[in-house]
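Student: Turn this into a structure:
(one chain, ligands or ions: 1)
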Amino acid sequence: MAPASRRDEDPVLELLYGWQPARVLMVAWRLNLFGLLGGRRLTAATLGRKAGLHPTAAQRLLDACAAAGLLHKGGGRYWNTQATREDLLPASPRYLGDAIAVADDLWTQWGGLLDALRSYPQGKGLGGPATTETVLAYVRANGQRARRDREQLALSLDLRGRRSLLDIGCGPGTYAEFLVLRNPGLKATLLDLPQVLAEARRELAASPVRRRLRFLGRDALREPLGSGYDVVLLSSVLHTLGERDCRRLLGKAHRALASGGLLAIYEELAQEEGTWPPQAALFSLQMLLSGAEGRAYSAAELEGWLKGRGFEQVRSRLLPPPAEAALVTGLKAR
Ligand SMILES: C[S@@+](CC[C@H](N)C(=O)[O-])C[C@H]1O[C@@H](n2cnc3c(N)ncnc32)[C@H](O)[C@@H]1O
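Tutor: Numbers count the residues shown, from 1 in each chain. From the prediction side, this is the model:
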């Protein structure tokens, strides 16, 4: 039997080196090792030649991939696991390439964590994604996540009788398109910053409900949103904004709704103490690091802001897996 690793027994040690397999994954993906393997079983020398690596370098990396559970190894050959075939081969509908590109970008940002903390609040963090291509990778990664949990959102949001939806900060537009697909009487207006909206247009060019989608390239905080909508959706937008902008945007959403209209906020929420779930605490740190004002908010904070704006029947509930987020809803008084 293989000797147990001390890291399994000591949570501090485990955390201390927990980044190594993640880095192995990012680098192996950058080198396209999973794509080069595809459905084949190859040696380190063959794979190294295809990836432009010395056989020894290839073998070290491939062994680390196998140790991390990312590849199988047997008889000197390596092959993809079921999970890597599903998540890391570009032809798969579950392909996570853009999410890995985002993780790679965050890797660089998190290298500056100490400086960002020490210079706060004078320093403005490191800024967001470095290039337009990285911004678009973030947008497409949102679409990949949305394709996994859009069913839960559609099941949890009763839109019967609703005819018009405004999706503010729509990203790739995955949720709005799916809600329109699931609700035959519904049309959607997709609103985001112009650069991001261009990506949504591209993503949805061949959508079967394309004629029921309208695109608005706008800054939601500074430009008009329109009015008379039956539903306003704000999915994963508030956590990118500071508290003042959140309140401002909720006020604009309220004005954009028809009377009796529904506001639906879909967000990963933090519990009151800010330490659970762990990804919420890490996300809030990430926002500080990148110089953005946002953070993960709690259900009580969002509910308080909605009630303060005059929304009625304000409710929050966590959606079932694979969704990791909660739905906070409120109605505009009639
Ligand atoms: C984390 S993404 C969420 C995208 C999508 N709603 C989803 O849930 O997958 C946040 C989105 O809000 C958009 N956004 C942020 N500030 C905005 C503003 N002032 N006006 C319009 N869109 C904005 C960003 O461009 C980005 O697409």
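Student: Not counting its neighbours along the chain, what's nearest the residue nearest to the spatial centre of the chain?
Tutor: Centroid-nearest residue in the chain, with CA atoms, centre = their mean: N142, separated by 4.0 Å. Nearest residue to N142 in three dimensions, chain neighbours excluded: G171, at 4.3 Å (CB to CB, 6 or more residues apart in numbering). All C-beta spots, glycine's among them, are computed from the backbone N, C-alpha and C.
Student: Test my guess that that neighbour contacts L193.
Tutor: No. In this structure G171 lies outside contact range of L193 using CB atoms under 8 Å: 10.1 Å.
Student: the more surrounded of the two?
Tutor: Between G171 and L193, G171 has the larger neighbour count (other CB atoms under 10 Å), namely 26 against 13.
Student: what are the phi and psi angles of the residue nearest to N142?
Tutor: phi 60, psi -130 (degrees, to the nearest 10).
Student: Excluding residues flanking it in the chain, which one is nearest L269?
Tutor: A326 (4.9 Å).
Student: Who does the one you found form a beta bridge with?
Tutor: E267, L318 (DSSP bridges).
Student: Check the gap between it and H239 for me.
Tutor: Between A326 and H239 the distance is 12 Å, computed by CB to CB, to the nearest Å.
Student: what touches both of these two?
Tutor: Contact criterion CB atoms under 8 Å, 6 or more residues apart in numbering; residues shared by A326 and H239: E267, E268.
Student: quick one: the helices in the chain?
Tutor: Using DSSP state H, the helices assigned to the chain run over residues 11-16, 19-30, 33-37, 44-51, 55-67, 82-88, 97-110, 113-119, 132-156, 174-182, 194-203, 243-256, 278-290, 299-308.
Student: Distance to A188 added to these, as TSV?
Tutor: Compiled in TSV, these are given as follows (distance: least, CB to CB, whole Å):
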stretch	distance to A188
helix 11-16	43
helix 19-30	33
helix 33-37	35
helix 44-51	43
helix 55-67	42
helix 82-88	29
helix 97-110	23
helix 113-119	37
helix 132-156	13
helix 174-182	4
helix 194-203	11
helix 243-256	13
helix 278-290	27
helix 299-308	22
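Student: Could you export those helices as CSV, including mean pLDDT and distance to L216?
Tutor: Shown next, in CSV, are the helices of the chain (pLDDT from 0 to 100; distance: least, CB to CB, whole Å):
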stretch, mean pLDDT, distance to L216
helix 11-16, 91, 44
helix 19-30, 97, 35
helix 33-37, 98, 37
helix 44-51, 98, 43
helix 55-67, 98, 44
helix 82-88, 96, 33
helix 97-110, 93, 24
helix 113-119, 93, 34
helix 132-156, 92, 16
helix 174-182, 98, 12
helix 194-203, 95, 7
helix 243-256, 98, 11
helix 278-290, 92, 26
helix 299-308, 97, 23
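Student: Of these, which is nearest G330?
Tutor: For those, proximity to G330 was assessed by CB to CB; helix 299-308 is nearest, at 4.3 Å.
Student: other SSEs contacting the closest one?
Tutor: helix 243-256, strand 257-267, strand 311-318, strand 326-332 (3 or more CB pairs under 8 Å, 6 or more residues apart in numbering; DSSP states H and E).
Student: ok now do the residue in the stretch 1-150 of the chain positioned nearest to the ligand, which residues does it touch?
Tutor: Here the stretch 1-150 of the chain gets closest to the ligand at one residue, N142, 3.4 Å apart by CB to the nearest ligand atom. Going by CB under 8 Å, 6+ apart, N142 touches G171, P172, T174, S236.
Student: if I look at the third one, how far off is L155?
Tutor: Counting by CB to CB, the separation of T174 from L155 is 16 Å.
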